[in-house]
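> pasting the sequence and the predicted coordinates here, then a few questions.
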Number of protein chains: 6
Amino acid sequence: MRVATQDFFVEKNNYASDGGFEPAIAASGEEAVTLLKGGLTKYRALVTDINLRGTMGGWEVAKVAREIDPEFPIIYMTGASADQYASHGVPNSILLTKPFAPAQLVTAVSQLLNSGTPTT
Amino acid sequence: MRVATQDFFVEKNNYASDGGFEPAIAASGEEAVTLLKGGLTKYRALVTDINLRGTMGGWEVAKVAREIDPEFPIIYMTGASADQYASHGVPNSILLTKPFAPAQLVTAVSQLLNSGTPTT
Amino acid sequence: MRVATQDFFVEKNNYASDGGFEPAIAASGEEAVTLLKGGLTKYRALVTDINLRGTMGGWEVAKVAREIDPEFPIIYMTGASADQYASHGVPNSILLTKPFAPAQLVTAVSQLLNSGTPTT
Amino acid sequence: MRVATQDFFVEKNNYASDGGFEPAIAASGEEAVTLLKGGLTKYRALVTDINLRGTMGGWEVAKVAREIDPEFPIIYMTGASADQYASHGVPNSILLTKPFAPAQLVTAVSQLLNSGTPTT
Amino acid sequence: MRVATQDFFVEKNNYASDGGFEPAIAASGEEAVTLLKGGLTKYRALVTDINLRGTMGGWEVAKVAREIDPEFPIIYMTGASADQYASHGVPNSILLTKPFAPAQLVTAVSQLLNSGTPTT
Amino acid sequence: MRVATQDFFVEKNNYASDGGFEPAIAASGEEAVTLLKGGLTKYRALVTDINLRGTMGGWEVAKVAREIDPEFPIIYMTGASADQYASHGVPNSILLTKPFAPAQLVTAVSQLLNSGTPTT
């Protein structure tokens, strides 16, 4: 499931609260889009699975978010659809391939939210 | 216009031959896709405009190339559609905003064709 | 407040001890500079707010640190002054915009302390 | 000398016209600032020496440019002042250490003008 | 000590389990190589010290891993041998200089396991 | 053949003089090492083929250069040995796979010689 969150979107398991992030959850891609269109500035990032309930998948939800805010942080999570990232993903995004450790999600969200020019 | 090239796709003006690249030209997005599907290994990169003759635009041609080869170098050129890059572009690509100097295209193609981990 | 730390400088709340870092605290920009000049090798990074007690602000404390050691890791934290980063920040640094999660600070310090050439 | 240019600022020698860039020249830091304040959108990048005629040096001219436009591309050129870059430079900039080849300037300007997320 | 792990190789202390990673341990470089050759797909990354029991050091173990899988994530940990990284390390790797905080290891593993093109 | 150069090492054909670089040539890996050990500061970068006359190959010449100067820019050129880069290359280097255009070499050398933190 995808989630609209005060800080980011998380999947079913609450990985990201480890890092101090505050998730909000949406039950489908369509619901996530409704939340995003309702006010993107309440949210800090989108973390989305690819295969979602309903007809809208994760690749599309991310595009909607980016049409609203071209700089919105996007993190994809998938097991089966990773090979589609190179053709369906958006620039300046991160892909987590399942299974992944909670720390990977925390690091990914942090990288996208931090600004600057580190050389590592 | 988009081009299928021995080395890369170039727009109408032959910028990239400056750098020693050897372009081949397609007259429309559909023709570019035909060339790509005919044998991607003959080509080294895709350089495409966004607004193309025919019904297929540059964002779609790039996705077709990436479905064939997820690592195919992609460079977009546009004036009016640059704001769509964040939602319609693919990861690990470069966008050149018109007007741009020939050197920018040469550098972009070189960056995508070179391998390694430079810190600049 | 800025802090001179065994491992890094942290703000009032002890975020970074989560990651195993050991902070030391300075009460003003001037005090931080005194600590830095007293022996930069005791410290691993500077984490600084922009608005500080006293007359010296965070942008200046960072410059002093870099004059002593050009490679000293610098992380800025700010809410109101983020728009000044592009003109007042130093290269190879990270900016955290408040509010931010503890994980963002831990990731930022780690990125700057780690060496190498990861492509993510 | 610093230069306000249609495409970029170049030093005395006209390196950058090799790449198809169109330079305009300023005789001092103060003149460069006047040109920048007169209309930054006419210019694509700032290429500046550090030691300039007049009282304003290159580090300061770059800051003025970034105060007007936080994303303005900045390239510094210096022989003697390279060690000050880590404390006086701005983020997301490039430093060329003299002597350097014309190609380095062309590549630097191109890198900063191109958008996207190449992994090289 | 080096470790072959379900998720990664860790040193004596179990830092990385903090982030949800599951380590397996090898007692020497030769044992680590045996585990790697037995089936690299069981493992997600190599985290290795440089000075190991036996005759094979960390630089060599990493090369063996990369000969099996050119994309295998590599993280080196060292105190005394850090200066050899530039000549003995492999591309797209991370070096942690001792002493380092557990968070640095977690961030390093996460960066190498995540895919994509973040600009931070 | 590899070359010790005032500015960089080039292969048989004089690609890099296009960009204003001044090459010097060595006839074998051993000769290149002799030149490097004679005074690395005269040279700006190493550009080397992998298969060389004599017994020393390009991977080894690069390691020798890095043992003298850990920051020495390294560019490899190869057709047949590209798959060895991930295990035999050094960090912060660039690999050019033959055939490549002269512009790729010029861009690679420029990237490694330029300093800074561009986000492209």
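Sure, I can see it.

> contacts and neighbour counts: CA atoms only from here.
Fine.

> so which helix or strand takes in the spatially most central residue of chain A?
Centrality entry for chain A: nearest residue to the mean C-alpha point is A:V47, 1.7 Å, by Cα atoms, centre = their mean. Element membership for A:V47, per DSSP states H and E: strand A:46-49.

> what residue ranges in chain A score low on pLDDT?
Within chain A, the stretches with pLDDT under 70 are A:1-18, A:40-41.

> check contacts around the nearest residue to A:D83 once chain neighbours are set aside.
Spatial nearest neighbour of A:D83, chain neighbours left out: B:P70 (7.7 Å); criterion: Cα to Cα, 6 or more residues apart in numbering or on different chains. By Cα atoms under 8 Å, 6 or more residues apart in numbering or on different chains, the residues touching B:P70 are A:83, A:86-87.

> run through the neighbouring helices and strands of the strand holding A:V47.
Helices and strands touching strand A:46-49, by 3 or more Cα pairs under 8 Å, 6 or more residues apart in numbering or on different chains; DSSP states H and E, are strand A:8-9, helix A:58-68, strand A:74-78.

> please repeat the previous calculation with a cut-off of 7 Å.
Where contact means 3 or more Cα pairs under 7 Å, 6 or more residues apart in numbering or on different chains; DSSP states H and E, strand A:46-49 is packed against strand A:8-9, strand A:74-78.

> which of those strands sits closest to chain B?
Ranking the helices and strands packed on strand A:46-49 by distance to chain B, with Cα to the nearest Cα as the measure, places strand A:74-78 first at 10.6 Å.

> so which of the helices and strands packed on strand A:46-49 has the densest surroundings on average?
Most buried of the helices and strands packed on strand A:46-49, by mean neighbour count (mean count of other Cα atoms under 10 Å in any protein chain shown): strand A:8-9, with a mean of 28.

> can you name the element that comes right after that one?
Beyond strand A:8-9 in the direction of the C-terminus, DSSP H and E gives the next helix or strand as strand A:23-24.

> that next one close to chain C?
No. Looking at strand A:23-24 against chain C by Cα under 7 Å from any Cα of the partner chain, there are no contacts, and the closest approach is 12.0 Å.

> what residues does chain A have near chain D?
With Cα under 7 Å from any Cα as the criterion, chain A meets chain D at residues A:91-92, A:116-117.

> pretty sure the residue nearest to A:D83 sits in a strand.
No. According to DSSP: H, G, I helix; E, B strand; the rest coil, B:P70 belongs to no strand; its state is coil.

> got the phi and psi for it?
Dihedral pair for B:P70: phi -60, psi -10, per degrees, to the nearest 10.

> tally up the residues packed near A:G79, please.
Counted with other Cα atoms under 10 Å in any protein chain shown, the neighbours of A:G79 add up to 14.

> how close does the nearest residue to it once chain neighbours are set aside get to C:S115?
Take A:G79 and drop its neighbours on the chain: the residue closest to it by Cα to Cα, 6+ apart is A:K98, 4.6 Å away. According to Cα to Cα, to the nearest Å, A:K98 and C:S115 sit 27 Å apart.

> what do you get for A:V106?
For A:V106 relative to C:S115 (Cα to Cα), the value is 20 Å.

> how about A:P70?
A:P70 sits 31 Å away from C:S115, going by Cα to Cα.

> now for whichever residue of chain A sits closest to chain B: which residues touch it?
Nearest to chain B in chain A, going by Cα to the nearest Cα, is A:P91, at a distance of 4.0 Å. By Cα atoms under 7 Å, 6 or more residues apart in numbering or on different chains, the residues touching A:P91 are B:86, B:89-92, D:116-117, E:117.

> can you confirm it is in a helix?
No. Applying three-state DSSP, one finds A:P91 to be coil, outside a helix.

> so what's the residue of chain A found nearest chain F closest to, chain neighbours aside?
Taking Cα to the nearest Cα, chain F has its nearest neighbour within chain A at A:T117, 5.7 Å off. Leaving aside its chain neighbours, A:T117 sits nearest to C:N92 (4.8 Å; criterion: Cα to Cα, 6+ apart).

> so what's the one you found up against?
The contact partners of C:N92, by Cα under 7 Å, 6+ apart, come to A:117-119, D:91, F:117.

> quick check: the farthest pair among those?
Spatial extent of the contacts of C:N92 (Cα to Cα) is set by the pair A:T119 and D:P91 at 11.3 Å.

> for A:A65, the count of nearby residues, please.
As a burial measure, A:A65 scores 23 neighbours (other Cα under 10 Å).

> meant to ask about A:K98
Neighbour count for A:K98, taken as other Cα under 10 Å: 11.

> give me the phi and psi for it.
For A:K98, the backbone dihedrals are phi -80, psi 150 (criterion: degrees, to the nearest 10).

> my read: it touches A:S81, true?
No. Here A:K98 lies out of contact with A:S81, judged by Cα atoms under 7 Å, at a distance of 10.0 Å.
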